[in-house]
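# let's see this in three dimensions:
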Amino acid sequence: MKKIFKLFLLFLILIFVGGGAVLAKAETIDFPYMNDQQGEYIKDGVTNGNTHNYDYGNVAGVSFDSEGYVNYDNKAYVKKSVKENAEKQGLFDVTLDVKGNDINPPRDIDLVLVIDFSSTMSGEKLLNTQNAVHQFLTSIAEVLQEGHVRVGLVCYNRNLYSTQTFSTDANYLDDFLVNGAKSQSGTFTQKGLIEAERMFTEDGRGDAEHMLVHIGDGSANRSYIPAPDAVEYPNNGELIDYNGYHTSTYHEDFQTDSPLYHTTSAGSDTNGIVANKNVINDDTLGSVMKLKKSGVICYSVGVAPSERGEYIAKNISSNPSGYYTIDENLEGLAEVFKNLQNNILKTIPNGTITDPMGEGILLQGSGNFTEQNYKLQGWRKDSNGVWQEAPDLVQDIKVTEANQTISVSSIALGSDERITLSYQVRIDTENSDFKGDSWYLCNGRTTLDPNKSGEELDFPIPSIKAPKISLDVEKVWENIDKNQTPDSIEFIVTRQQVTSETWTSSDIIKLTKEEDFKQEYKTLEVNAQNVDLPLYNNNGDDFTYQVEEIKVPDEFQSTVTQNGNKFTIKNTFIGTTTEPPTTTEPPTTTEPPTTTEPPTTTEPPTTESSTTTGSSSEITNSTSNEDTKRDSKHLPNAGEKVTKTALVGLFFIILALIFVFARKFMLKNKEKK
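The predicted structure is shown next:
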């Protein structure tokens with residue numbers, strides 16, 4: 001039952017929204033924004049830490065109320081602000097704040113309710129209708145008594161029951177529904193519409209809005225016969241096809257005084273002329289067209305309509321958005337009339353807020369945005385002017401989200417009534433396009449449409465920012481001469497604690513001798529793009545940055561120490577730079593006398609010199625060989641150095657032995673001579 005009330009409620013909201021101008025539209029404010037090296041932010045704002053809000057109440061040329069809200073012609077009052085969440089870094093609380101007002105002076109409205117009172121209008125259905133109208137009339141009692149709103153009632157079946165004129169007497173209108181209208185067979189929809197037209201023509205005020213609400217199933221089974229001289233008008237698209245039904249032409253003038261009429265079935269009444277249902281459709285819609293052409297804004301509520309009934313009911317409405325369907329028991333009427341009351345009395349009768357997130361902003365809960373992700377509250381001022389929570393103001397409001405855009409609908413706010421909506425956002429710090437310490441607009445253009453009429457009133461947009469860091473990297477060498485170090489080294493930066501598909505490793509970075517192997521990195525190159533280094537990830541947890549040297553030579557041991565964001569890469573040389581002295585011992589042990597010979601005294605330095613030369617050569621050769629596997633900056637492997645040095649030493653030992661034996665042979669020959 002509640003569902004039906006809500007549907008019909010929504011329908012009647014549009015009654016005062018869609019037609020002619022109900023309230024003059026407020027002109028929106030084009031707030032100026034800056035886009036510079038500091039980021040994007042509203043020009044007339046105040047910075048507090050990582051937030052930047054509009055300077056409410058203190059901007060020249062902008063109208064504010066006494067509470068600092070942006071004032072749109074005393075019709076709507078708006079604020080939008082952001083603050084840092086006190087419990088988690090990188091989390092921000094955004095709040096939308098809207099106040100309404102009472103329409104002053106109230107608008108003048110002449111309203112006719114045309115109700116199908118055929119044989120099914122009885123029991124619960126009849127009671128729901130009577131109660132809904134009574135509640136509506138009670139709620140607008142003040143504007144009724146003042147004469148701003150007048151109401152006429154027309155009920156039809158085969159007969160017609162009408163108040164004849166508009167009335168401001170709620171008791172009279174209540175009594176008419178209870179005692180003046182009778183439920184009977186027959187659905188002479190056209191008769192009810194023509195009676196409403198007569199009331200507007202004969203009793204309607206020229207300066208008032210003329211509105212008609214038809215409530216019925218649309219299944220008309222009777223219609224008047226066109227007048228003999230009635231003009232046949234072509235349907236140029238004003239009447240829309242539905243469910244296979246179509247109207248090619250229609251008439252606007254009918255023989256309403258004739259006892260004869262068209263009917264879909266023969267009965268005991270001899271005045272009924274059986275006609276095709278399409279004829280009755282066209283006759284009924286011809287009277288609808290005459291109403292619309294006279295300036296009456298028509299709305300239609302289809303009560304559990306058939307396909308044919310839907311064709312008529314939809315075309316009664318002046319536009320598609322003015323048509324709604326409800327349950328056959330009309331349970332939704334009470335809620336519909338509540339919205340009708342809002343349209344008559346409140347400056348925000350059926351407001352909608354559209355709130356898209358800004359570029360680089362992550363809405364928390366996006367994709368599954370539930371009440372756990374936002375807080376919606378209603379507020380009403382008490383007699384002392386203090387805001388008190390008022391849950392009734394938000395019970396019908398709907399909050400939805402799609403593609404990071406929040407929509408808030410069915411907002412009804414009058415004087416001293418207010419709603420707030422709070423939700424949370426983050427900056428997408430893991431995105432490669434993230435700019436640290438730069439302002440990000442929390443949202444795209446955020447607007448309030450007070451009554452779904454296409455009017456868009458702008459909110460000022462706040463900005464937020466997130467910090468970035470820099471990395472200090474230094475390379476030191478141990479156990480190696482400075483002139484033997486390469487011209488550069490290469491390393492990468494990795495990061496952990498990522499929560500999305502984003503970069504975890506930088507491109508290769510070169511640190512050079514020209515830089516004294518020391519550099520501060522405020523940005524890194526990732527996939528050939530320079531990126532900032534955010535402090536924390538998309539959950540507000542600090543990133544863990546690490547430095548890793550690549551292509552480290554085998555004869556070096558590489559270690560990295562970290563102190564905050566300072567990294568020191570140390571390469572310790574673990575190879576051997578001199579050869580063992582045992583390389584000269586074999587010849588001395590084999591030939592003791594030769595150690596005293598003058599030539600022998602020259603051998604050790606020769607061998608020692610050869611070892612040093614060989615070691616230098618090995619570095620060069622090893623480096624040359626390594627060029628096929630590593631860059632030229634790398635030193636030779638320690639294993640390769642030892643093997644080559646041993647071979648060179650053995651070669652010189654053999655030469656020494658040959659020299660000794662040759663000398664002994666020469667000495668013996670000399671003695672013989």
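# buried residues in whichever strand or helix holds K125?
Here K125, judged by DSSP states H and E, is contained in helix 123-139. Using 16 or more other CB atoms under 10 Å as the test for burial, helix 123-139 gives 125-126, 128-129, 131-134, 136-137, 139. Yep, even glycine has a C-beta here, placed from its N, CA and C like the rest.
# need those in TSV (columns: pLDDT and distance to I215).
Output for the buried residues of helix 123-139, formatted as TSV (pLDDT from 0 to 100; distance: CB to CB, whole Å):
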residue	pLDDT	distance to I215
K125	85	11
L126	86	12
N128	86	11
T129	86	8
N131	88	14
A132	86	10
V133	87	10
H134	90	15
F136	87	13
L137	91	16
S139	89	18
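# out of these, which one sits closest to G68?
Ranked by distance to G68 (CB to CB), those are led by S139 at 31.7 Å.
# ok, the closest one to N343 distance?
For S139, the distance to N343 equals 11 Å [CB to CB, to the nearest Å].
# distance-wise, check S265 relative to A313.
Using CB to CB, S265 is found at 21 Å from A313.
# these two: which is more packed in?
Legend: neighbour count by other CB atoms under 10 Å for S265 and A313, higher for A313 (27 against 10).
# am I right that the more buried one falls within a helix?
Yes. Assigned with DSSP: H, G, I helix; E, B strand; the rest coil, A313 falls within a helix.
# hmm, G322 and it touching each other?
No. Using CB atoms under 8 Å, A313 makes no contact with G322, being 10.9 Å away.
# element containing V498?
Short version, using DSSP H and E: V498 is in no helix or strand.
# what's the local residue count around the closest residue to S415 other than its chain neighbours?
With CB to CB, 6 or more residues apart in numbering as the criterion, S415 has its nearest non-adjacent residue at 4.2 Å, and that residue is D102. D102 is flanked by 15 other residues according to other CB under 10 Å.
# my guess is D102 contacts G414. True?
Yes. Using CB under 8 Å, D102 is in contact with G414, at 5.0 Å.
# what do those two both touch?
345-347 (CB atoms under 8 Å, 6 or more residues apart in numbering).
# please report how far the residue nearest to S415 lies from D55.
From D102 to D55 the distance is 29 Å (CB to CB).
# ditto for P305
From P305 to D55 the distance is 54 Å (CB to CB).
# more neighbours: those two, which one.
Neighbour count, other CB under 10 Å: between P305 and D55, P305 has more, with 22 against 15.
# would you say that one is within a helix?
No. P305 is assigned coil when assessed by three-state DSSP, not a helix.
# skipping its backbone neighbours, what lies nearest the residue nearest to the spatial centre of the chain in space?
With distances taken as CA atoms, centre = their mean, Q404 lies nearest the centre of the chain, 1.9 Å away. Excluding the flanking residues, the one nearest Q404 by CB to CB, 6+ apart is M357, at 4.2 Å.
# before we move on, what about V151?
Using CB to CB, 6+ apart, the closest residue to V151 is L111 (5.2 Å).
# ok, that neighbour touching H148?
No. Shown here, L111 and H148 do not form a contact pair, counting by CB under 8 Å, at 11.2 Å.
# so where's the chain shaky on pLDDT?
Within the chain, the segments meeting pLDDT under 70 span 1-24, 321, 336, 576-652, 656, 659-673.
# where is the longest strand in it?
Ranked by number of residues, the top strand in the chain under DSSP state E is strand 417-427.
# look up how far S300 lies from N128.
Where S300 is concerned, N128 sits at a distance of 18 Å (CB to CB).
# likewise I411?
On the measure of CB to CB, I411 and S300 end up 24 Å apart.
# looking at the two, which has the bigger crowd around it?
I411 (29 against 26).
# and the more buried one, what are its bridge partners?
I411 forms beta bridges with G351, as assigned by DSSP bridges.
# how near is it to K290?
36 Å.
# cool, L511 as well?
86 Å.
# and I654, that one's in a helix?
Yes. Remark: I654 belongs to a helix, assigned using three-state DSSP.
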